[in-house]
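[1] 3D, please:
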Amino acid sequence: MGEAPDAALYIGSIADELSRIAKSHDLEALAYILDMARLEADEIYKRSGGPADRAPGH
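    Numbering: from 1, shown residues only. Sure, this is the predicted structure:
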């Protein structure tokens, strides 16, 4: 994994998973921060020209 879009895709995926865990334990502030990280990763991936169906939030 040497490219920024690939890194953004991976980070977005992990952030989404961690956010779900945080929400399941009522850690709302942490879940919010992780959701923001996922959204940022999604934007980076989209701006790089990656396919929309592989974007982190999808």
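[2] Can you point out the helix or strand that includes the residue most central in space within the chain?
    For the chain, the residue lying nearest the average C-alpha position, counting by C-alpha atoms, centre = their mean, turns out to be residue 12 (2.0 Å). Remark: residue 12 resides in helix 4-24, with elements defined by DSSP states H and E.
[3] other SSEs contacting that helix?
    Under the contact criterion of 3 or more C-beta pairs under 8 Å, 6 or more residues apart in numbering; DSSP states H and E, the helices and strands touching helix 4-24 comprise helix 28-47. Glycine gets a C-beta too; all of them are placed from N, C-alpha and C.
[4] Buried residues, the helix it packs on. List them.
    Neighbour-count burial for helix 28-47, counted by 16 or more other C-beta atoms under 10 Å, picks out 31, 34, 35, 37, 38, 41, 42, 44, 45, 46.
[5] Make TSV from those and add distance to residue 5 and pLDDT to it.
    Putting those into TSV (distance: C-beta to C-beta, whole Å; pLDDT from 0 to 100) gives the following:
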residue	distance to residue 5	pLDDT
31	25	98
34	20	98
35	20	98
37	16	98
38	15	97
41	10	96
42	11	93
44	7	93
45	5	92
46	9	90
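[6] which among these gets closest to residue 25?
    Checking these against residue 25 with C-beta to C-beta, the nearest one is residue 31 at 8.9 Å.
[7] contacting residues around the residue lying closest to the closest one once chain neighbours are set aside?
    Distance criterion C-beta to C-beta, 6 or more residues apart in numbering; nearest residue to residue 31, sequence neighbours excluded, is residue 22 at 3.9 Å. The contact partners of residue 22, by C-beta atoms under 8 Å, 6 or more residues apart in numbering, come to 28, 30, 31, 34.
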